[in-house]
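need a 3D model of the following:
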Amino acid sequence: MSDIDLNKLRRLDGGLLLVFRELLRSGRASLAAERLGLSQPAISHALTRLRDLFEDPLFVRRPHGFEPTRRALALGPQVDALIALADSAMSPDRAFDPAVSRRLFSIAAPEFVTALIGGELIQRLRAIAPGVRFAIGHADEAEALRGLRTGEIDFALGRFGAARPGYAVEPLFEDVYCVVARHGHPAMDGRLDWEQWRDIGHVYAWSRSETGGDKSKDHGDGAPVMLAAVPQWLTALLMVASTDGIATVPRRLAERHAGRLGLQVIDPPFNPDRIEVSVMRRAGISDPGADWFLGEVRRAAAA
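Modelled structure (predicted):
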């Protein structure tokens, strides 16, 4: 190790890393000071030391607060990992106990995933971890990455692209699309052909939080007729249940709710697209609680 490296390591301390993380999360010196129990001058002094240490401005003052530079964004996951490792080293025997924990887990997930796993997850937690709570928000991929980087969410579920540096993506479950129609529909009873699928009006579901919406495609003989476009899958199911419209939706979601809504679940007259739902997390972060909660999410998704 060179002398320069040793000098930098001597100048680095855990307090600086905590200030960096809070500024990256909140973008405001006042909030960082409040959360860390420091004065704003102390935050400013720490930021000066950080800039000198990393030889970068790190945070640029804007009217709305501090905006991180590219260098700061790249450092974020590494600083999180250093803090987690230091915490683990100082508390080697600490373990997560779901039976007594009162932790609130925050995740990002599309609405169709939430509607599939939410009820089962609540039932599991009531039985084995009555004090644990969870909050699920809808987020597109960019918002999910930002939430993971700032620590606002523990992990994200969805249909993500290629893994990015500092993040890990692993599969959660797969699904395919099906067609739903109400029981007693005048034009079909358990099956439909191409012309019916094309000509009977569709209720489409779309959302900014989805990386893919209703995957109905023009397969060469014309696009299906649209009756309405709504922002949620469950809204589409409810509308189909009370009309003669149909919808092309994720099959597991349809099967989970078909009984209570009085819906037929029908194979589409074409080879349906696959839906691959994954988990995205920050890489290199040790969090036994989040690991446990993800395990419960997996069991809920498999139920």
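
every contact and neighbour count from this point should use C-alpha atoms.
Will do.

so what's Ser242 up against?
By CA atoms under 8 Å, 6 or more residues apart in numbering, the residues touching Ser242 are Arg182.

what pLDDT does it get?
According to the prediction, Ser242 has pLDDT 94.

begin at 242, not 1, for the rest of this chat.
Sure, I'll start counting at 242 from here, so that last one is Ser483.

so how far is Arg492 from it?
Distance of Ser483 to Arg492, given as CA to CA, to the nearest Å: 19 Å.

check contacts around Arg276.
Glu263.

same thing with Phe337?
Per CA under 8 Å, 6+ apart, neighbours of Phe337: Pro529, Gly530.

am I right that it is in a strand?
No - the assignment for Phe337 (DSSP: H, G, I helix; E, B strand; the rest coil) gives coil, which keeps it out of a strand.

quick check: longest strand of this protein.
For the chain, the strand that runs over the most residues, judged by DSSP state E, is strand 408-423.

for the longest helix seen in the chain, buried residues please.
In the chain, assigned by DSSP state H, the helix with the most residues is helix 311-331. Along helix 311-331, these residues count as buried under the neighbour rule (16 or more other CA atoms under 10 Å): Ala313, Leu314, Leu316, Gly317, Pro318, Gln319, Val320, Asp321, Ala322, Ile324, Ala325.

could you give the separation of it from the chain centroid?
The chain centroid and the centroid of helix 311-331 are separated by 21 Å, computed with CA atoms, centre = their mean, to the nearest Å.

ditto for stretch 303-323
20 Å.

what of stretch 384-393?
The chain centre lies 9 Å from the centre of stretch 384-393; the measure is CA atoms, centre = their mean.

list of residues touching that stretch?
If you take CA under 8 Å, 6+ apart as the criterion, stretch 384-393 is touched by 262, 265-266, 317-318, 347, 349, 394-397, 522-523.

try stretch 499-506
Stretch 499-506 is contacted from outside by 419-424, 430-431, 478-479, 482, 492, 495-496, using CA under 8 Å, 6+ apart.

and the longest strand of the chain, which strands flank it?
Under the criterion DSSP bridges, strand 408-423 sits next to strand 488-491 (antiparallel), strand 504-507 (antiparallel), strand 515-523 (antiparallel) in its sheet.

and it, what's its mean pLDDT?
On average, the pLDDT along strand 408-423 is 93.

in it, what counts as buried?
Residues of strand 408-423 classed as buried: Tyr408, Val410, Leu413, Tyr418, Cys419, Val420, Val421, Ala422, Arg423 (neighbour count, 16+ other CA under 10 Å).

for stretch 272-283, same thing?
Residues Leu272, Ala273, Ala274, Gln281 are the ones in stretch 272-283 that count as buried (16+ other CA under 10 Å).

what is the end-to-end distance of it?
Here the two ends of stretch 272-283 are set 13 Å apart, with distance taken as CA to CA.

do the same with stretch 388-408
Stretch 388-408 end-to-end distance (CA to CA) = 12 Å.

where do the strands sit along the stretch 242-391 of the chain?
300-303, 306-309, 345-349, 374-378 (DSSP state E, counting those that start in this stretch).

the first one pairs with which strands, and in what direction?
It refers to strand 300-303. Using DSSP bridges, the strands paired with strand 300-303 are strand 306-309 (antiparallel).

tell me the average confidence for the partner strand?
89.

who's in contact with it?
Leu264, Leu265, Gly268, Arg269, Ala270, Leu299, Phe300, Val301, Arg302.

so, low pLDDT: which residues of the protein?
242-249, 329-335, 448-463 (pLDDT under 70).

domains in it, by residue range?
Using automatic domain parsing, the domain ranges for the chain come out as 244-318, 345-414+517-543, 415-516.

one step back: and the angle from the longest strand of the chain to helix 311-331?
Compare the direction of strand 408-423 with that of helix 311-331 by axes from the mean of the first three to the mean of the last three CA atoms, to 10 degrees and you get 100 degrees.
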